[in-house]
Structure formats: structure tokens, C-alpha cells
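**Q** Sharing a sequence plus its predicted fold:
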Amino acid sequence: MQRGDRAYKETYELTVKELDRLVKMYKEIQTVGQTARLTRDSIDHWIRRYHGYAIEGSIGSHYIEVGVDRANCVFEHVIPAAKVRDMLLQGILTVRQALNTPTCLISKRNDDILREEGHVSSSPDYWNFFKRYEVFDEAQFVTYNGQVIENLDTWTLEKHFEFFGVV
């Protein structure tokens, strides 16, 4: 099947069904053990698979670092994917929101800076998600369709969902 609206729609529908099933299964687990871990791993898989196929494959990413070489950059989960999974399991995010959490194309140098700062699997503020990038020297960002993010401090997760039509 070739990528396109139909493939993205089918991917979304199956991913939602699987995540709904896995979240329900996780909540019914009586003892936190290997079954819980494997269920969380499956949830991670579906979230990452959707982001990689439907987001990266269609719009590239939600946000793009201005001036980044698209052929030589990193597709980054602005809110680490494991945290997205946890927020989904806690009922903080809906499945639709988890599938549309912010992603960004950043330079490899800035990806290295995130690693150096200990932000591989954590972030200072998930609601003000661009705080993750305060460690960069004067980086600027635009949405996938070119809208400049004027103020990283006021572009919140709520604003992100509003901009991308995620209720």
C-alpha cells in the first residue's frame, strides 16, 4: 500500500483500536509484573509507529527548527514517548492526543545537546513543552506549514492541540 490519505486513515483507525484495547488491558492487570511491562511496551510501539508513519511520513513533524537541514536532522518527540504513554495510561491524555503530541525536526547538534543535558527521556515541563529547548543557543521554530512560533513560553500543549485540531 502506498502512503496517502487512505493509508494514514487506516493506520489511525487500527492504532486507536489497539491503544484502546491495550489501555483497557493494562488497567485490568492485577499485579505489576512482566505482563504490565509487555503491555506498556506494546503501547509504546503503537504510539511510536503512528508518529513515525503517519506524522513523519505525512507532514514531516509538527515543528521544525528554523534552518535545519531536513536531510541531516533528527525526528524528536518533544515530550518523550514513554512519558506520553504514561500520561495516556493515567488518563491525562486521550488516545487522539497521545497520537498527536508534539514532534520536531532538530539539528543533530541540538539532539546531542539534549543528551548532554539529560533530556533524552525527560523534560523540564510537559505542558510548556518548548522549555525542553531552552538549552539551545537561539533556536527558532516553525510549524510544519511555516507558522513562526513567536513565543516558546506561551506555546503550550493546549495551544499545540488547538492549532492541530486535536480535541
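**A** The structure has been received and is ready for your questions.

**Q** in the protein, which spans are strands?
**A** Secondary structure of the chain by DSSP state E: the strands cover 63-65, 73-77, 103-107, 141-143.

**Q** For residue 18, find the nearest of these.
**A** Set against residue 18 and scored by CB to CB, these come closest in strand 73-77, at 18.8 Å. Where you see a C-beta, it was placed from the backbone N, CA and C, and this is true even at glycine.

**Q** quick check: angle from that closest one to strand 103-107?
**A** Between strand 73-77 and strand 103-107, the angle comes out at 150 degrees (axes from the mean of the first three to the mean of the last three CA atoms, to 10 degrees).

**Q** for the protein, what are the low-confidence residue spans?
**A** In the predicted model, the chain carries pLDDT under 70 at residues 1.

**Q** buried ones in the lengthiest helix in the chain?
**A** In the chain, assigned by DSSP state H, the helix with the most residues is helix 5-28. Buried positions in helix 5-28, judged by neighbour count with 16 or more other CB atoms under 10 Å: 8, 11-12, 15-16, 18-19, 22-23, 26.

**Q** Among the strands of the chain, which comes closest to residue 92?
**A** Among the strands of the chain, strand 73-77 sits nearest to residue 92 (CB to CB), with 16.0 Å.

**Q** name the helices or strands packed onto the closest one?
**A** Applying 3 or more CB pairs under 8 Å, 6 or more residues apart in numbering; DSSP states H and E, one finds that strand 73-77 contacts strand 103-107, helix 108-116.
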